[in-house]
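Peer 1: Next comes the sequence, and after it the predicted model I'd like to discuss.
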Amino acid sequence: MRAGEETSSRLCEADVHDGQAYDADASRRAPSGGTPPGGHPAPSTGVPAGPLPPPVPGGPPAPDVTLSTSGLPPWLNPVVKVLDTVQGRQLSRFLPPESGGGRQSAVLILFGEGAAGPELLLMERAGSLRSHAGQPAFPGGALDPEDGDPNTTGPLRAALREAQEETGLDPAGVQLFGALPRLYIPVSSYVVTPVLGWWRTPSPVGAVDPAETARVFTVPVADLTDPANRATAVHPLGHNGPAFLVESALVWGFTAGVIDRIIHFAGWERPWDRTRQVPLDRHA
């Protein structure tokens, strides 16, 4: 099992066992964006860019990890603004240790535009796995040494590399435009950088390893913001968090938490019934 595959499992598991990982007060703060399409363009800082490592002789060219908001579709403007305004405490009550400890990892939050409008790329774990079988997640995993400095472009390279390894995505068609503040998973000591990208040139995607991934799919943003598709996932141990019932899948845990915060702070959230509950299996 690759380190990245293990990380994807740990991220989902840790979110459940950490309980209410996302700031309960954040939902009462004013969002910073607007209803797509629209919003106001703003520069993105995210993770600072750095020099590319030399390409491996005979291997594919190193992916472009330059952060740029140039040429993004207008409906992404509220998300760009979120990158410049949101603080870590508005996303989670767990922040990385001041000591700098923890295992560095990254996930790719890839926005595209399909027949139904703006969409997000997700993957679903294989049903035969012992842990979190069938659970949707962002592509992502732990940083490898060749990804470089975890404080500069390492997370950007790791997000693209893992997405390519898990979904077959062509990194050349992805424009990275920022990263959210790092989140911390105390139970597994993972420090997670959510990297945001625009699927400028879509490429074919699918499950590279069926033993690990059941399918790769996209979800329209309109479906994620539809109140009819929203619920609160409740674990038998008493923990709960946001969930989405989309594309014949239940999106919950770490992935749903991040999507929930992006939707909220981008100003895309619509009132939904938080008392609507979806029970999770004890082994989820």
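Peer 2: That came through, no problem.
Peer 1: Point out where the stretch 101-250 of the chain drops to low pLDDT.
Peer 2: Residue ranges of the stretch 101-250 of the chain with pLDDT under 70: 130-132.
Peer 1: helix or strand right after the helix or strand hosting residue 175?
Peer 2: Using DSSP states H and E, residue 175 maps to strand 174-179. Past strand 174-179, heading to the C-terminal end, the next element that is a helix or strand (DSSP H and E) is strand 183-185.
Peer 1: hey, where'd the strands end up in the chain?
Peer 2: Listed in chain order, the strands found in the chain under DSSP state E are 103-114, 117-125, 136-137, 140-142, 174-179, 183-185, 190-199, 213-220, 230-234, 240-246, 249-251, 277-279.
Peer 1: For residue 154, find the nearest of those strands.
Peer 2: Each of the strands of the chain was checked against residue 154 via C-beta to C-beta, and the shortest separation belongs to strand 103-114, namely 6.8 Å. (C-beta placed from N, C-alpha, C; glycine too.)
Peer 1: And that closest one, how far out from the chain middle?
Peer 2: Distance of strand 103-114 from the chain centroid (C-alpha atoms, centre = their mean, to the nearest Å) equals 5 Å.
Peer 1: and it, which residues are buried?
Peer 2: Of the residues in strand 103-114, those buried by neighbour count under the rule 16 or more other C-beta atoms under 10 Å are 103-113.
Peer 1: Look at the closest residue to residue 203 other than its chain neighbours and say how many residues are nearby.
Peer 2: If you skip the residues right next to it in sequence, residue 203 has residue 170 as its closest partner in space, 3.7 Å away by C-beta to C-beta, 6 or more residues apart in numbering. By the measure other C-beta atoms under 10 Å, the count of residues near residue 170 is 18.
Peer 1: still on that earlier bit, ok, so of the buried residues of strand 103-114, who is nearest residue 80?
Peer 2: Proximity of the buried residues of strand 103-114 to residue 80 was ranked by C-beta to C-beta; the top entry is residue 111 with 10.7 Å.
Peer 1: Hmm, the closest one is touching residue 198, no?
Peer 2: Yes: between residue 111 and residue 198 there is a contact under C-beta atoms under 8 Å: 5.7 Å.
Peer 1: Hmm, residue 240 is touching residue 252, no?
Peer 2: No: between residue 240 and residue 252 there is no contact, the gap being 9.6 Å when judged by C-beta under 8 Å.
Peer 1: which neighbours do these two share?
Peer 2: residue 233 (C-beta atoms under 8 Å, 6 or more residues apart in numbering).
Peer 1: Just want to know which of those two has more residues nearby.
Peer 2: Set side by side, residue 240 and residue 252 show more neighbours around residue 252, with 28 against 18, by other C-beta under 10 Å.
Peer 1: need the contact list for residue 209.
Peer 2: Contacts here follow C-beta under 8 Å, 6+ apart; on that basis residue 209 touches residue 166.
Peer 1: for residue 275, that is, sorry about that
Peer 2: Residues touching residue 275, when contacts are defined by C-beta under 8 Å, 6+ apart, comprise residue 232.
Peer 1: now residue 108
Peer 2: 121, 138-140, 159-160, 162-163, 174, 195, 197.
Peer 1: Top of those residues by number of neighbours, please.
Peer 2: residue 159 (34 neighbours).
Peer 1: which residues does that residue contact?
Peer 2: With contacts defined as C-beta under 8 Å, 6+ apart, the neighbours of residue 159 are 106-108, 139-140, 176, 193, 195, 197.
Peer 1: What of residue 127?
Peer 2: For residue 127, the contacting residues are 133-134, 214, by C-beta under 8 Å, 6+ apart.
Peer 1: what about burial for those residues, which qualify?
Peer 2: Listed as buried from these are residue 214; burial here means 16+ other C-beta under 10 Å.
Peer 1: How about the residue nearest the centre of the chain: what's its closest non-neighbour residue?
Peer 2: Nearest to the geometric centre of the chain sits residue 109, at 4.1 Å (C-alpha atoms, centre = their mean). Spatially, and ignoring its direct neighbours in sequence, residue 109 is nearest to residue 196 (4.9 Å; C-beta to C-beta, 6+ apart).
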